[in-house]
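J.: give me a 3D structure for the following:
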Amino acid sequence: MEIVELKKDLVFKELYNYYVTNFGFDHSIVKYSNLLGLMNELNELDYQCKEGVIIAKMFDPTILNAVDDAF
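T.: Coordinates of the predicted model:
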């Protein structure tokens, strides 16, 4: 997992540098914050979808065989 953390940090650092270089410091902070907020919302949606699948499996384990193939 250390490799994943290092790569993630590298991507965020490069992205931040890109925003600062192309949009200036003040404007880049807003864009970077919006991106991180969007990523957080997408992660929350992903967790809610997976949680819904787990709950649905508890009530009817046969109905979600297609969902298992997708994940």
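J.: tell me where this structure has helices.
T.: Using DSSP state H, the helices found in the chain span residues 2-23, 25-59, 65-70.
J.: make a markdown table out of those and add mean pLDDT.
T.: Formatted as a markdown table, the helices of the chain follow (pLDDT from 0 to 100):
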| stretch | mean pLDDT |
| --- | --- |
| helix 2-23 | 86 |
| helix 25-59 | 86 |
| helix 65-70 | 62 |
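J.: mean neighbour count added to these, as CSV?
T.: In short, each C-beta sits where N, CA and C put it, glycine included. Shown next, in CSV, are the helices of the chain (neighbours: other Cβ atoms under 10 Å):
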stretch, mean neighbour count
helix 2-23, 11
helix 25-59, 11
helix 65-70, 9
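J.: from K7, how far out is the most far-flung residue of the chain relative to its centre?
T.: The centre of the chain is farthest from one residue, T62, which by Cα atoms, centre = their mean lies 29.2 Å away. T62 sits at a distance of 39 Å from K7 (criterion: Cβ to Cβ, to the nearest Å).
J.: also I54?
T.: 29 Å.
J.: could you do D26 as well?
T.: Using Cβ to Cβ, D26 is found at 28 Å from K7.
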